[in-house]
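Asks: Turn this into a structure:
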Amino acid sequence: MEEFFQQFCAAVYLRLTGTMHFRFILQPVMALVFAVIDGIKDAKAGRPLYLWGLIKDPATRKEQLKSGWKSIGKVAILAVILDLIYQFIDKDSVNLLGSLVAAIILAIVPYVLLRGPVNYIAGLIMRRNKKDN
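Replies: Model prediction:
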């Protein structure tokens, strides 16, 4: 297990410094943009915080997952494709599992973590503006 962890860390380091390292900035930024857009839509519609709703509200879970995948799916697929291209260029081999892990870390996790707080902040701003008017 320790050897696997060392190899994993080495592979992550090579991805950070090697060819096509720009995707480590581009993909989280794209996830952030989609999280902001969807978080504001959630606040306007009065929906619960995204991650909280996924965990605590089974009635809306399916709808929330569908909404999230609709937004972040393209970014996740792009993350997989870019990582596969990186592997082919840099290593002359392809590891689909590594690409899926990269997509999850670079696109899906930031989206899931940011959509709820954006919803919360947008809701606060909208309630404050409503009180002022």
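
Asks: Relative to Met1, how far out is the most centrally placed residue in the chain?
Replies: Closest residue to the average C-alpha location of the chain: Ile108 at 2.6 Å, with Cα atoms, centre = their mean. For Ile108, the distance to Met1 equals 25 Å [Cβ to Cβ, to the nearest Å]. For glycine as for every other residue, the C-beta is placed from the backbone atoms N, C-alpha and C.

Asks: Run a quick neighbour tally on Phe34.
Replies: When neighbours are defined as other Cβ atoms under 10 Å, Phe34 has 21 of them.

Asks: For it, give me its contacts.
Replies: Taking Cβ atoms under 8 Å, 6 or more residues apart in numbering as the criterion, Phe34 is in contact with Ser71, Ile72, Val75, Tyr111.

Asks: Which residue ranges of the chain form helices?
Replies: Listed in chain order, the helices found in the chain under DSSP state H are 2-17, 23-45, 50-56, 58-91, 96-103, 109-132.

Asks: Quickly, which of those bottoms out on average pLDDT?
Replies: Sorting the helices of the chain by mean pLDDT places helix 2-17 lowest, at a mean of 67.

Asks: can you count the residues close to the closest residue to Leu82 other than its chain neighbours?
Replies: Distances taken as Cβ to Cβ, 6 or more residues apart in numbering place Arg23 nearest to Leu82, at 4.8 Å, with adjacent residues excluded. A total of 20 residues lie near Arg23 under the criterion other Cβ under 10 Å.

Asks: so what's Arg23 up against?
Replies: Neighbours of Arg23 in contact, by Cβ under 8 Å, 6+ apart: Ala79, Leu82, Asp83, Tyr86, Leu106.

Asks: again, only using 10 Å
Replies: Contacts for Arg23 (Cβ atoms under 10 Å, 6 or more residues apart in numbering) come out as Arg15, Met30, Leu78, Ala79, Ile81, Leu82, Asp83, Ile85, Tyr86, Ala102, Leu106, Ala107.

Asks: Thanks a lot, catch you later.
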